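Trainee: Need the 3D shape of this:
(one chain, ligands or ions: 1)
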Amino acid sequence: MSGWTDHNFGHGGLGRWLAATGSLSARLAASGDVFSVQVLRQGRLPLTVDEAQALGVAGRRDGYVREVLLKVDGVPVVFARSVTAHAHSLAAWRSVRGLGTRPLADVLFRRSGITRQPMQFKQFKPNTALPRQIQRVRPGAPRSLSARRSVFLRQQAPLLVMEVFLAPPAAWTGPVARWQPIDWKGRP
Ligand SMILES: C=C(O[C@@H]1C=C(C(=O)O)C=C[C@H]1O)C(=O)O
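Mentor: The predicted model follows:
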């Protein structure tokens, strides 16, 4: 059971951000003064079983993986992991390889011939693999993490994009000021 659902369990502002259409990068950029992308990992890396199934990749479970932090005014607010089959990273999705610190949105929302399948949602429980990985790159992120994912198709090649929301639910409703680098354990 992958735990992904078509139901957006988010409430209020977080629910609206989880359901947001179009470019998440553009929305984040509009919420602060400086938007930036920090690349954590990119290259030929193992896929999870869940990702391999979502991509229809049988057998060998390595793929092309890009992991980033999206930052607003220097504060990491989204962790994103995008994956595709290795062969597709050399063909339909080869432009992902050369992105560097430009957002993936520059590829997905500026080129024709790309379609997006419906969003899925998941609440990652504390002390599971992804929240533990994220604590290493973003200490202070909530222990339980809200995420969404969708598949983009180009020339019938799937690219699975997962976005994990790192600020606590309350931060997604407030003004820009909530992005300020505060310790989200409640200490200013
Ligand atoms: C798909 C988008 O691109 C964002 C940027 C990403 C990147 O640079 O790797 C990955 C996922 C998204 O959060 C978007 O902005 O909607």
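Trainee: drop to CA atoms for contacts and neighbour counts, all remaining ones
Mentor: Fine.
Trainee: All the strands of the protein, residue numbers only.
Mentor: Using DSSP state E, the strands assigned to the chain run over residues 35-46, 62-72, 75-85, 114-116, 120-124, 145-154, 157-165.
Trainee: In this structure, where is pLDDT below threshold?
Mentor: In the prediction, the chain carries residues with pLDDT under 70 at positions 1, 59-60, 174-188.
Trainee: what residues does it put near the ligand?
Mentor: The chain comes close to the ligand at residues 23-25, 68, 80, 103-105, 161, 163, as judged by Cα under 6 Å from any ligand atom.
Trainee: try it again with 8 Å
Mentor: Proximity of the chain to the ligand is confined to 21-27, 37, 39, 66-70, 78-82, 99, 101-106, 108-109, 161-163 under the rule Cα under 8 Å from any ligand atom.
Trainee: Residue 165: what's it in contact with?
Mentor: Residue 165 makes contact with 77-79, 145-147, according to Cα atoms under 8 Å, 6 or more residues apart in numbering.
Trainee: Let me know the closest of those to residue 125.
Mentor: Closest approach between the contacts of residue 165 and residue 125, by Cα to Cα: residue 145, at 6.8 Å.
Trainee: What residues are bridge-paired with that closest one?
Mentor: Beta-bridge partners of residue 145, counted by DSSP bridges, are residue 124.
Trainee: burial of it, as a residue count?
Mentor: Other residues within reach of residue 145, judged by other Cα atoms under 10 Å, total 20.
Trainee: wouldn't it be in contact with residue 131 here?
Mentor: Yes: counting by Cα atoms under 8 Å, residue 145 does reach residue 131; the two are 6.8 Å apart.
Trainee: so what sits against both of these two?
Mentor: With Cα under 8 Å, 6+ apart, residue 145 and residue 131 have common neighbours 124-125.
Trainee: Now for residue 46: which residues touch it?
Mentor: By Cα under 8 Å, 6+ apart, the contact set of residue 46 is 61-63.
Trainee: Can you add neighbour count and give the residues you listed back as JSON lines?
Mentor: Output for the contacts of residue 46, formatted as JSON lines (neighbours: other Cα atoms under 10 Å):
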{"residue": "61", "neighbour count": "16"}
{"residue": "62", "neighbour count": "18"}
{"residue": "63", "neighbour count": "23"}
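Trainee: Brilliant, that's me finished.
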